[in-house]
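*Asks:* Structure for the following, please:
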Amino acid sequence: MKRSRSVKILATLGPASSDRDVIEELVRAGADVFRVNMSHASHDVMRETVAKIREVEKSVRYPIGILADLQGPKLRVGKFADGSVTLAADETFTFDTSDTPGDKSRVYLPHPEIFASVKTGDRLLLDDGKLQLKVSAHSDEAINCTVIYGGKLSDRKGVSLPDTMLAVGALTDKDREDLKAVLDADVDWVAMSFVQRPEDIIEVRKLVQGRAGVMAKIEKPQAIDQLEDIIKLSDAIMIARGDLGVEMPLETVPGLQKRMIRMCRRQGKPVVVATQMLESMITAPVPTRAEVSDVSIAVFEGADAIMLSAESASGSYPVESVATMNKIAVAVEQDANYQGIIRAQATQPEATAADAISAATRQVAETLDLAAIVTYTSSGSTGIRASRERPAKPIIALSPKLSTVRRLSVVWGLHCVQTEDAISLDDMVDRACAIAYIEGLARPGDRVAITAGVPLGTPGATNMLRIAFVGQDGAGGS
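*Replies:* Reported below is the predicted structural model:
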């Protein structure tokens with residue numbers, strides 16, 4: 001099975017898509033990677049879901065990536081005596097350390113890290129930003145606030161602090177338990193929520209120890225302040241526009257999206273655009289025109305993957321949502337302006353042999369109108385370098401490691417195939433041509449570009465570019 005687009009589709013699984021047959025329908029409709037949200041999935045449900053995905057992977061004979069999304073620190077207010085209160089603008093309201101039920105003047109805030117970190121003038125956003133309060137005074141036991149935008153506040157509603165750097169790591173005790181479980185289940189990616197600082201990524205990398213890719217979710221203003229360092233330390237980035245739009249002015253999010261995509265492309269890191277991409281398809285069989293435009297912009301910008309959340313997890317039309325996203329992506333990539341826009345956003349290759357080879361390969365493939373680029377990659381770094389160039393030709397990433405093939409399923413333009421390591425240069429050429437032929441990306445008489453590292457099997461040492469003809473039987477010849 002091959003895709004007729006380069007951008008990848010990441011679909012969240014949930015109650016609407018937990019059945020094995022539905023998962024297969026989602027793959028055939030266009031899903032390349034599945035997200036398991038650990039905010040809602042127990043360890044047993046997660047393991048069952050992973051097993052179903054692996055069954056489908058064998059059935060469709062197409063590598064499927066699995067992303068486990070850790071919940072991160074969820075900050076919530078306590079409970080009210082009457083279940084809710086209504087706050088009015090200019091009133092005062094207090095968060096304190098007493099666990100007695102709240103009223104219209106106060107409520108319990110069970111998070112000592114907030115009391116330790118908050119400053120006068122900081123904002124507290126409640127219920128996804130619907131209510132806004134500003135700190136007027138604070139102590140170890142109470143935070144006094146003035147209501148800026150009021151409204152109804154119910155039990156256990158979420159709290160966001162866009163102006164406060166919390167003195168706590170991004171991993172909770174639940175996250176640590178979940179992380180161990182998902183690594184034991186052999187997921188391919190781990191997404192880390194509410195990253196604030198580079199140290200948060202370092203902490204997770206020490207625990208993961210290379211067993212999965214680490215994807216940083218950018219949804220806090222504090223992360224924007226140290227964005228470049230966070231990207232460098234991560235294996236991939238997710239632009240989590242939902243929470244980012246709560247904690248930052250909504251009008252700044254589109255510009256930040258462009259900035260993050262370009263920064264990730266420059267550093268050669270996969271980037272996923274997420275949240276509310278086809279939100280109306282939770283309840284409707286077709287999206288709005290604005291949603292189609294939103295998805296299209298992410299594809300035009302060169303994002304590696306676009307993501308569905310509730311649309312595929314709990315919506316009424318999960319398969320239709322994936323199929324619609326697939327149609328939009330295909331249409332954009334066939335647009336006459338697409339290649340020009342992608343090329344205009346290209347960055348200069350790094351001053352390494354591997355990056356120079358990847359840049360030269362793109363140019364050779366397009367100048368000579370080759371059928372495909374075939375790259376041998378053990379760790380996945382060579383495949384990501386080839387993708388970074390955003391060539392107009394298909395890229396086939398060959399690896400002996402199934403874990404690498406699955407992990408690369410989130411990367412733009414890569415058609416991933418597991419194969420044994422080549423034992424010689426001739427074997428490498430023959431194998432590359434045969435796979436390009438078998439996978440339907442080259443016909444007899446076509447030429448392909450082949451990149452690899454010599455000596456063969458040396459990770460991260462891409463130093464060779466070769467052009468080969470595909471023979472009548474699929475074998476190669478120089």
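*Asks:* contacts and neighbour counts: CA atoms only from here.
*Replies:* Noted.
*Asks:* So which residues of the stretch 351-478 of the chain form strands?
*Replies:* Secondary structure of the stretch 351-478 of the chain (DSSP state E, counting those that start in this stretch): strands at 372-376, 395-399, 414-418, 447-453, 462-470, 476-477.
*Asks:* need the contact list for Glu203.
*Replies:* With CA atoms under 8 Å, 6 or more residues apart in numbering as the criterion, no residue contacts Glu203.
*Asks:* picking that back up, can the strands of the stretch 351-478 of the chain go into TSV with extra columns for mean neighbour count?
*Replies:* TSV is the format used below for these (neighbours: other CA atoms under 10 Å):
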stretch	mean neighbour count
strand 372-376	28
strand 395-399	27
strand 414-418	24
strand 447-453	25
strand 462-470	20
strand 476-477	20
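*Asks:* right, so of those, which gets closest to Val77?
*Replies:* Proximity to Val77 (CA to CA) singles out strand 414-418 among the strands of the stretch 351-478 of the chain, at 44.6 Å.
*Asks:* Per the annotation, how does this protein divide into domains?
*Replies:* Domain assignment for the chain by automatic domain parsing gives 8-72+171-336, 84-160, 353-477.
*Asks:* Pipe the strands of the stretch 351-478 of the chain into TSV and attach distance to Glu291 and mean pLDDT per row.
*Replies:* Shown next, in TSV, are the strands of the stretch 351-478 of the chain (distance: least, CA to CA, whole Å; pLDDT from 0 to 100):
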stretch	distance to Glu291	mean pLDDT
strand 372-376	32	96
strand 395-399	29	96
strand 414-418	26	97
strand 447-453	37	92
strand 462-470	40	90
strand 476-477	45	61
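*Asks:* For Glu311, which non-adjacent residue is spatially closest?
*Replies:* Ile282 (4.6 Å; CA to CA, 6 or more residues apart in numbering).
*Asks:* could you dump the domains of the chain to CSV with distance to Gly78?
*Replies:* Formatted as CSV, these follow (distance: least, CA to CA, whole Å):
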stretch, distance to Gly78
domain 8-72+171-336, 18
domain 84-160, 5
domain 353-477, 39
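*Asks:* quick one on the thing from earlier: the residue nearest to Glu311: what's it in contact with?
*Replies:* 310-312, 314-318.
*Asks:* Check Ala354 too.
*Replies:* Counting by CA under 8 Å, 6+ apart, Ala354 touches 382, 385, 460-463.
*Asks:* at 6 Å instead, please
*Replies:* 462-463 (CA atoms under 6 Å, 6 or more residues apart in numbering).
*Asks:* pLDDT at it, what is it?
*Replies:* Looking at Ala354, its pLDDT is 81.
*Asks:* contacts for stretch 309-318?
*Replies:* By CA under 6 Å, 6+ apart, stretch 309-318 touches 12-17, 281-283.
*Asks:* Counting neighbours, which of those end up buried?
*Replies:* 12-14, 16-17, 281-282 (16 or more other CA atoms under 10 Å).
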